[in-house]
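Participant: need coordinates for the below:
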Amino acid sequence: MSASRALGRAALAPASGALYVLAAAVEGLDYEAALELGRALGRIWYHALPIRRSTIVSALGASFPTWSAEQAAATARSVMCLCASNVITLLWATADSTRPRDILDVVRFEGLEHYEREADRGVVLATTHTGNWDLAALAACARGVELTVVSRNLSYGPLDRMWRRRRAAAGVTLLDESRGLNAVLGALQPGRALALMIDQRTGPDLAGIRLPFLGREAWTSTLPAAVALRRTRAIVPITSRVDEDSRLVIRVHEPVEPGTRGTAMDRIRGVTATLSRTLEDWIRLHPDSWLWLHRRWAEEPAHR
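Facilitator: As a prediction, this is how the structure comes out:
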């Protein structure tokens, strides 16, 4: 393990303890108060963590070369406020005092008919790190969606267990990505939705491919397309953003069909490219809604 990674993991221990304190503090707050607390922490984070701030500003500058330094800095601040508020609102949404109807009161679905047309057969959801993806999953469960989310474990065990326990208690079924393709395929059942992230850096050891993304090539997961092709299902892309009224807008896009022409790899690559463009179009419309903290364009692939 590299020294920087070891240092990062060591820093997670006090962060985990702080989250338990924050979880207790959020208990009993309403959504607006929790959101504002998160934004305040994000503003502190923006000034206290110049390395993270510079990572975001650098990525924004490469993706939006005509932007001024001031515009990139303002968007970086918004992104860090979003990240912090996502943590706090997830604690709020999974608090003992929060009910499913409270969650549904603070979200708005757009294009839900695209999901509903496919729901009976089982749906592959191509989810993204936009808006508040965890709250979007909880909102889906609050509407009665039987949802399985394929996720990667956090590197720090206590923190990972905390997140998994709270999301599971809210109705989200979690499946570790390391279980492999057969486990993922088995989770796609009639009447259930299977959520797979499309914007994590995924190398060839996990069947990732390099595709253009916001002007540069990035390692991209082919898992959603592979699952859809094997199960002959359409893929429904999902994005989200926080609107001017502080409500979470969950956008359900039109389904992407696997197609029938070409080799299996040609079809997987074509679907993956379409999903990537859908996310890219969303980010260009709402640049402060995406998690720019990922080292998305690193030349080397991510390994488990």
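Participant: all strands for this structure, in order.
Facilitator: For the chain, applying DSSP state E gives strands covering 107-110, 123-127, 146-151, 173-176, 192-197, 209-213, 216-220, 235-242, 248-252.
Participant: for the fourth one, buried residues please.
Facilitator: So the one you mean is strand 173-176. Using 16 or more other Cβ atoms under 10 Å as the test for burial, strand 173-176 gives Thr173, Leu174, Leu175. (Each C-beta comes from the backbone N, C-alpha and C, glycine too.)
Participant: most tightly surrounded among the strands of the chain?
Facilitator: When you average the neighbours per residue for each of those (mean count of other Cβ atoms under 10 Å), strand 123-127 leads with a mean of 27.
Participant: and that one, how far from the chain's centre?
Facilitator: Averaging C-alpha positions (Cα atoms, centre = their mean, to the nearest Å) puts strand 123-127 12 Å from its chain's average.
Participant: tilt between it and strand 146-151?
Facilitator: Put simply, strand 123-127 runs at 40 degrees to strand 146-151, going by axes from the mean of the first three to the mean of the last three Cα atoms, to 10 degrees.
Participant: name the residues that touch strand 123-127?
Facilitator: Strand 123-127 is contacted from outside by 115, 133, 136-137, 149, 188, 192-198, 224, 227-228, 231, 233-238, 256, 275, 278, using Cβ atoms under 8 Å, 6 or more residues apart in numbering.
Participant: how about JSON lines for the strands of the chain, with mean pLDDT and distance to Val79 added?
Facilitator: Shown next, in JSON lines, are the strands of the chain (pLDDT from 0 to 100; distance: least, Cβ to Cβ, whole Å):
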{"stretch": "strand 107-110", "mean pLDDT": "98", "distance to Val79": "20"}
{"stretch": "strand 123-127", "mean pLDDT": "96", "distance to Val79": "18"}
{"stretch": "strand 146-151", "mean pLDDT": "94", "distance to Val79": "21"}
{"stretch": "strand 173-176", "mean pLDDT": "92", "distance to Val79": "25"}
{"stretch": "strand 192-197", "mean pLDDT": "96", "distance to Val79": "18"}
{"stretch": "strand 209-213", "mean pLDDT": "96", "distance to Val79": "17"}
{"stretch": "strand 216-220", "mean pLDDT": "95", "distance to Val79": "18"}
{"stretch": "strand 235-242", "mean pLDDT": "97", "distance to Val79": "12"}
{"stretch": "strand 248-252", "mean pLDDT": "98", "distance to Val79": "16"}
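Participant: could I get those as JSON lines with distance to Ala73?
Facilitator: Converted to JSON lines, the strands of the chain look like this (distance: least, Cβ to Cβ, whole Å):
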{"stretch": "strand 107-110", "distance to Ala73": "29"}
{"stretch": "strand 123-127", "distance to Ala73": "29"}
{"stretch": "strand 146-151", "distance to Ala73": "31"}
{"stretch": "strand 173-176", "distance to Ala73": "36"}
{"stretch": "strand 192-197", "distance to Ala73": "28"}
{"stretch": "strand 209-213", "distance to Ala73": "23"}
{"stretch": "strand 216-220", "distance to Ala73": "21"}
{"stretch": "strand 235-242", "distance to Ala73": "20"}
{"stretch": "strand 248-252", "distance to Ala73": "25"}
